[in-house]
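**Student:** my questions concern the predicted model and sequence given below.
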Amino acid sequence: MVGFVAREPQSLRAVFVDAPRSLLWMSLHGRKAPHRHGFGYLWKTGEGGIVVRRYGRADLEKAPDGFPDPLEARSTLAIGHVRKASPEYDDYSSENAHPFACDGIYLAHNGGIRDSEVLEYGPGIDSERLTRWLAHHWIPRTPDALIRALSCLLDVTRSFSSFDFLMTDGRDLYAFCCFAPDRDAAYYALRLWEGRDIVIISSEELDDGPGWVKLKSGELVRVTPDLKVERWLIP
């Protein structure tokens, strides 16, 4: 899972495929690889719209060492996700690939929510239920309201491996890093990298360069279009 915000449009392929440890590399060789049950991504157009593309395992099998998409778009905001399905969600179709969308929010999630039935708001796998739940509870679409919604989420759910997600409302990029105490931080912690012209949040470091910061469990990050980074810790 990788997301970025940039001052000027960046090549999605450069981040998702060409980086030393890109999203493609993670899907094939990253921690607990392979992650090849689904692939999806979104990007913001120059007109401000959000475009989403999603592919299932059958699509990935046709491109065993790559992605079934040339990723030719350039954007100032993008999220990419490769899926490793939880055992109870063994439908590997494109309908279960991330990111999911609901009421103007778009979310890609890593981890499992075993009691996702408490996140009512319709059918679907746990990550899709999470998207709908946040769409209904994150009102208004402000950081303070999101902090309240995430605190409520952690109160109503009791059995999960991780709520790690990347999310956008079409303007800002949000990341939430939250995993169960018995889980391996090396696998579940998200990573943040702040450059002069781009900010990247990823499941793993994209290279061996300096500046990568491992987020704490319970940490929420917001990146604005001018690359301002705000961080909060949700107990």
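**Tutor:** In hand now; what should we look at? Just so it is clear, the structure is predicted and the values come from calculations on it, not from any experiment. Numbers count the residues shown, from 1 in each chain.
**Student:** could you pull out the buried residues of the lengthiest helix in the chain?
**Tutor:** The residue-count maximum for a helix in the chain (DSSP state H) belongs to helix 143-156. Of the residues in helix 143-156, L146, A149, L150, L153 count as buried by neighbour count, 16 or more other CB atoms under 10 Å. Just so you know, the C-beta spots here come from the backbone N, C-alpha and C atoms, and that holds for glycine as well.
**Student:** now do the strands in the protein.
**Tutor:** Secondary structure of the chain, counting by DSSP state E: strands at 2-11, 38-44, 50-56, 74-83, 100-102, 105-110, 164-168, 173-177, 191-194, 198-202, 213-214, 219-223, 229-233.
**Student:** out of those, flag the one nearest S27.
**Tutor:** S27 lies closest, by CB to CB, to one member of the strands of the chain: strand 74-83, at 3.9 Å.
**Student:** now do that closest one against strand 38-44, angle only.
**Tutor:** Taking axes from the mean of the first three to the mean of the last three CA atoms, to 10 degrees, strand 74-83 and strand 38-44 form an angle of 160 degrees between their directions.
**Student:** burial of the spatially closest residue to S203 that is not a sequence neighbour, as a residue count?
**Tutor:** Spatial nearest neighbour of S203, chain neighbours left out: M1 (4.6 Å); criterion: CB to CB, 6 or more residues apart in numbering. M1 has 24 neighbours, counted by other CB atoms under 10 Å.
**Student:** tell me the mean pLDDT for the longest helix of the chain?
**Tutor:** Helix 143-156 comes out with an average pLDDT of 95.
**Student:** neighbouring contacts of that helix?
**Tutor:** 118-119, 130, 133-134, 137-139, 163, 174, 176, 178, 220, 222, 230, 232, 234-235 (CB atoms under 8 Å, 6 or more residues apart in numbering).
**Student:** go again with 7 Å.
**Tutor:** Residues outside helix 143-156 that contact it (CB atoms under 7 Å, 6 or more residues apart in numbering): V118, L134, H137, W138, I139, Y174, F176, L220, R222, E230, W232, I234.
**Student:** and the helix or strand bottoming out on mean pLDDT in the chain, what's buried?
**Tutor:** Every helix and strand of the chain was ranked by mean pLDDT, DSSP states H and E. The lowest is helix 185-188, at a mean of 91. Judged by neighbour count using 16+ other CB under 10 Å, the buried positions of helix 185-188 are Y187, Y188.
**Student:** what helices or strands is that helix leaning on?
**Tutor:** Contact analysis of helix 185-188 by 3 or more CB pairs under 7 Å, 6 or more residues apart in numbering; DSSP states H and E lists no helix or strand as a packing neighbour.
**Student:** count the residues that sit near S94.
**Tutor:** A count of nearby residues for S94, using other CB under 10 Å, gives 15.
**Student:** give the contact list for F100.
**Tutor:** L107, S127, E128, T131.
**Student:** R231 pairs with what?
**Tutor:** Beta bridges link R231 to V221, judged by DSSP bridges.
**Student:** for I113, same thing?
**Tutor:** Beta-bridge partners, per DSSP bridges, of I113: F160.
**Student:** for it, list the residues it contacts.
**Tutor:** D126, L130, T157, F160.
**Student:** quick check: it vs K216, distance?
**Tutor:** Noted for I113: a distance of 20 Å to K216, by CB to CB, to the nearest Å.
**Student:** show the pLDDT at E117.
**Tutor:** Looking at E117, its pLDDT reads 81.
**Student:** try Y121
**Tutor:** Reading off the model, Y121 has pLDDT 67.
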